[in-house]
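Peer 1: Show me how the following folds:
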Amino acid sequence: MKVAFVGLGVMGYPMARHLVKAGRQVTVFNRSPAKAQRFADEFGVLAADSVAEVAKDADKLILCVGADHDVREVVREALPALADRAVIVDHTTTSAKLAQEMAGLTLDSGRFFVDAPVSGGQAGAENGVLTAMMGGDAGAVERAIPVIRAYCRTTQRIGGSGTGQLAKMCNQICIAGVVQGLAEAIHFGQQSDLDLEAVFGAISKGAAGSWQMENRWGSMSEGRYEFGFAVDLMRKDLGLVLDEARRNGSTLALTALVDQFYADVQALGGRRWDTSSLLARLQR
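Peer 2: Predicted coordinates:
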């Protein structure tokens, strides 16, 4: 089985690495050729010069790119080169509409498209413990899972095309609210001169506990944000969420508010800071 991987960013690079280590025959392509060549040299695989070349006769094409237009561009160039009945697995966070459009396009050509956005961040990619929320044809999802288990601890088909992206939107809604609550709790604790280590050592084991609390309260309290999932990317994701909410009639008052708080963080110079930097807005 030939696996083509497009997009070697902070998530894609370690994901592709896990595929190689799992024994898959991997060919890579990246918009910046130097990064693809570095990966090829490090792991002894082929770096293609174009999307058409990386996709040639591939049974699986895995994408981890930037936005809707990137996915659309890659898929349209790759389709004629892919093997018959090939499966495209898209880990990019995009609109559900784009996923549905690509599913229709690929089906017309005798291939399949699975929207499979992931959660777990760079650490999850590095450690091979991501969660994939998957939408698309049940058979295509079933064929994709054994491949992406190289870097995903949890894989869940949600439903038809686009539902993986809608599930990722639910994920981002939850994260936005939790991080804002955590930022306010730390700010409140600091203003009250509390021993934050004692406070969060206690409440992290109770009903207030969360992944964000376990993994971020310490770095937040120290003002360290130069890592993790960038504010710019979170605002892109929340933009998708709010667009979909307008379409389906959802009321997302908290999400819209936190999105504006992230705009404040961007104005502070925190475009590449981790999403936990909501605390910086309260402190400044």
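
Peer 1: Could I get the contacting residues of the most centrally placed residue in the chain?
Peer 2: The residue lying closest to the centre of the chain (C-alpha atoms, centre = their mean) is residue 118, at 4.5 Å. By C-beta atoms under 8 Å, 6 or more residues apart in numbering, the contact list for residue 118 reads 11, 91, 124-125, 130-133, 152, 168. Every C-beta, even on glycine, is put in place using the N, C-alpha and C of the backbone.

Peer 1: one more time with 6 Å
Peer 2: Applying C-beta atoms under 6 Å, 6 or more residues apart in numbering to residue 118 gives the contacts 91, 130, 132.

Peer 1: What distance do you get for it to residue 194?
Peer 2: Distance check for residue 118 against residue 194: by C-beta to C-beta, to the nearest Å, it reads 36 Å.

Peer 1: Check residue 158 too.
Peer 2: From residue 158 to residue 194 the distance is 41 Å (C-beta to C-beta).

Peer 1: got it, and residue 283?
Peer 2: Distance from residue 283 to residue 194, by C-beta to C-beta: 15 Å.

Peer 1: So residue 57 is in contact with residue 81, correct?
Peer 2: No - Residue 57 is beyond contact range of residue 81, at 7.3 Å (criterion: C-beta atoms under 6 Å).

Peer 1: Please say which of those two ends up with more neighbours.
Peer 2: Neighbour count, other C-beta atoms under 10 Å: between residue 57 and residue 81, residue 81 has more, with 18 against 12.

Peer 1: residues touching the more buried one, list them.
Peer 2: By C-beta under 6 Å, 6+ apart, the neighbours of residue 81 are 52, 55-56.

Peer 1: and with 10 Å instead?
Peer 2: Residue 81 makes contacts with 4, 50-58, 61, as judged by C-beta atoms under 10 Å, 6 or more residues apart in numbering.

Peer 1: need the next SSE after the host helix or strand of residue 122, C-terminal direction.
Peer 2: Per DSSP states H and E: residue 122 is located in helix 121-127. Beyond helix 121-127 on the C-terminal side, the first helix or strand identified by DSSP H and E is strand 130-135.

Peer 1: average model confidence for that next one?
Peer 2: What strand 130-135 shows for mean pLDDT is 98.

Peer 1: Surely residue 79 is in a helix?
Peer 2: Yes - applying DSSP: H, G, I helix; E, B strand; the rest coil, one finds residue 79 inside a helix.

Peer 1: Run a quick neighbour tally on it.
Peer 2: Residue 79: 22 surrounding residues under other C-beta under 10 Å.

Peer 1: Now do the contacts for it.
Peer 2: 51-52, 55, 61, 86, 88, 102, 105-106, 108-111, 113.

Peer 1: what residues are up against the nearest residue to residue 119 once chain neighbours are set aside?
Peer 2: Nearest non-adjacent residue to residue 119, counting by C-beta to C-beta, 6 or more residues apart in numbering: residue 131, 4.7 Å away. The contact partners of residue 131, taken as C-beta under 10 Å, 6+ apart, are 117-120, 124, 152-156, 167-168, 171.

Peer 1: could the residues you listed go into JSON lines alongside pLDDT and secondary structure?
Peer 2: Converted to JSON lines, the contacts of residue 131 look like this (pLDDT from 0 to 100; DSSP: H, G, I helix; E, B strand; the rest coil):
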{"residue": "117", "pLDDT": "98", "secondary structure": "coil"}
{"residue": "118", "pLDDT": "98", "secondary structure": "strand"}
{"residue": "119", "pLDDT": "97", "secondary structure": "strand"}
{"residue": "120", "pLDDT": "94", "secondary structure": "coil"}
{"residue": "124", "pLDDT": "95", "secondary structure": "helix"}
{"residue": "152", "pLDDT": "98", "secondary structure": "strand"}
{"residue": "153", "pLDDT": "98", "secondary structure": "strand"}
{"residue": "154", "pLDDT": "98", "secondary structure": "strand"}
{"residue": "155", "pLDDT": "98", "secondary structure": "strand"}
{"residue": "156", "pLDDT": "98", "secondary structure": "strand"}
{"residue": "167", "pLDDT": "98", "secondary structure": "helix"}
{"residue": "168", "pLDDT": "98", "secondary structure": "helix"}
{"residue": "171", "pLDDT": "98", "secondary structure": "helix"}
